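> dropping the sequence and predicted coords here.
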Amino acid sequence: MLYIVPPAAPDEKEKTRRRIRRMDRPPGMLQCNRCGGRAAATIRAGVTETGHGTLIHKNICAECYKRGLIVPMNVELKPIK
């Protein structure tokens, strides 16, 4: 049998994410379309002391990257389908 379960109430983390997504952003600030995070990460391979290396990913969401997802951050928020 198939039962339909009502959606659970959002926990504190999800409430915070929703609040951050609704907040106004300064022009040009990056924000993740998926989680609403504003921490960006740049991934480079073969970095030396001078800071040079091969650029792998630029301006990806740090929070989503911790979960194993690579989500590029955009200046303009676009709805996720």
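Received it, and whenever you're ready, just let me know what you need. A quick note: this is a predicted structure, and the numbers were derived from the prediction, not measured.

> helix or strand right after the helix or strand where residue 15 lies?
Residue 15 is located in helix 12-22, with elements delineated by DSSP states H and E. Counting by DSSP H and E, the next helix or strand C-terminal to helix 12-22 is strand 40-45.

> could you say what helices and strands the next helix or strand after that following strand packs with?
For strand 40-45, the following helix or strand on the C-terminal side (DSSP H and E) is strand 54-61. Applying 3 or more CB pairs under 8 Å, 6 or more residues apart in numbering; DSSP states H and E, one finds that strand 54-61 makes contact with strand 40-45. Placement of C-beta: from N, CA and C, glycine included.

> paired strands for the strand it packs on, with orientation please.
Strand 40-45 has the following sheet partners, assigned by DSSP bridges: strand 54-61 (antiparallel).

> pLDDT on the partner strand, on average?
Averaged across strand 54-61, pLDDT comes to 90.

> for that strand, the distance to its chain's centre please.
The chain centre lies 13 Å from the centre of strand 54-61; the measure is CA atoms, centre = their mean, to the nearest Å.

> CA-only coordinates of that strand in PDB, if you can.
The C-alpha trace of strand 54-61 is given here as PDB (Å, rounded to 0.1, in the frame of the first residue of the first chain):
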ATOM      1  CA  THR A  54      45.200  24.700 -12.300                       C
ATOM      2  CA  LEU A  55      41.700  26.100 -11.700                       C
ATOM      3  CA  ILE A  56      39.200  23.300 -11.300                       C
ATOM      4  CA  HIS A  57      36.100  25.100 -10.000                       C
ATOM      5  CA  LYS A  58      35.500  28.800  -9.300                       C
ATOM      6  CA  ASN A  59      32.800  30.300  -7.100                       C
ATOM      7  CA  ILE A  60      31.000  27.100  -6.200                       C
ATOM      8  CA  CYS A  61      28.900  26.900  -3.100                       C
END
